[in-house]
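Engineer: starting from these lines, generate the structure:
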Amino acid sequence: MSPVEVRQAQWLRGVLDLAVLALLAESGESYGYLISQQLAESGLGEVKGGTLYPLLNRLEEAGLLNSAWRAGDGGPGRKFYEISSGGRRLLAEHAPQWTAFAGAATTVVQRGMREAALSG
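Structural biologist: Sure, this is the predicted structure:
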């Protein structure tokens, strides 16, 4: 991994659970591979199965997700996930805290970038 990829992975680790809950709140239900694609399409980068599936299991064990196996269309079955009422409550409580934190961090970084550009 490049230094940039390492830093992005660290950022993602801090918000991945909320991002997954938010995607499921928006879509209603989804399965792991599609969630991974949606995260990438959202600009959050590639989330490999070795990271995503343990997270989905932890969220389910914590009562934040519900899941059900369904037969595939001519292929193997898939485990579909949906956000639970507890997951919705957690998202409603923590998402504003995350967005305030991310906004504050963005403000600090942008001020530093402007200063660096002026003095550089």
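Engineer: residue ranges for the strands of this structure, please.
Structural biologist: Along the chain, counting by DSSP state E, strands occupy 30-31, 65-70, 78-83.
Engineer: in JSON lines: the ones you listed, plus mean pLDDT, distance to Y53 and mean neighbour count.
Structural biologist: The C-beta positions use only the backbone N, C-alpha and C, and glycine is treated the same way. As requested, the strands of the chain are arranged in JSON lines below (pLDDT from 0 to 100; distance: least, CB to CB, whole Å; neighbours: other CB atoms under 10 Å):
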{"stretch": "strand 30-31", "mean pLDDT": "96", "distance to Y53": "11", "mean neighbour count": "18"}
{"stretch": "strand 65-70", "mean pLDDT": "96", "distance to Y53": "11", "mean neighbour count": "14"}
{"stretch": "strand 78-83", "mean pLDDT": "96", "distance to Y53": "9", "mean neighbour count": "19"}
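Engineer: can you put those in TSV and add distance to L56?
Structural biologist: What follows is those, written out as TSV (distance: least, CB to CB, whole Å):
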stretch	distance to L56
strand 30-31	9
strand 65-70	7
strand 78-83	6
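Engineer: for A68, see how far away R88 is.
Structural biologist: 18 Å (CB to CB, to the nearest Å).
Engineer: please disregard the earlier target; I meant G75.
Structural biologist: For G75, the distance to A68 - CB to CB - is 17 Å.
Engineer: low-scoring stretches of the protein, by residue?
Structural biologist: Scanning the chain for pLDDT under 70 picks out 120.
Engineer: contacts only, for V15.
Structural biologist: 98, 102 (CB atoms under 8 Å, 6 or more residues apart in numbering).
Engineer: do a quick rundown of the helices in this structure.
Structural biologist: 3-27, 32-41, 49-61, 85-119 (DSSP state H).
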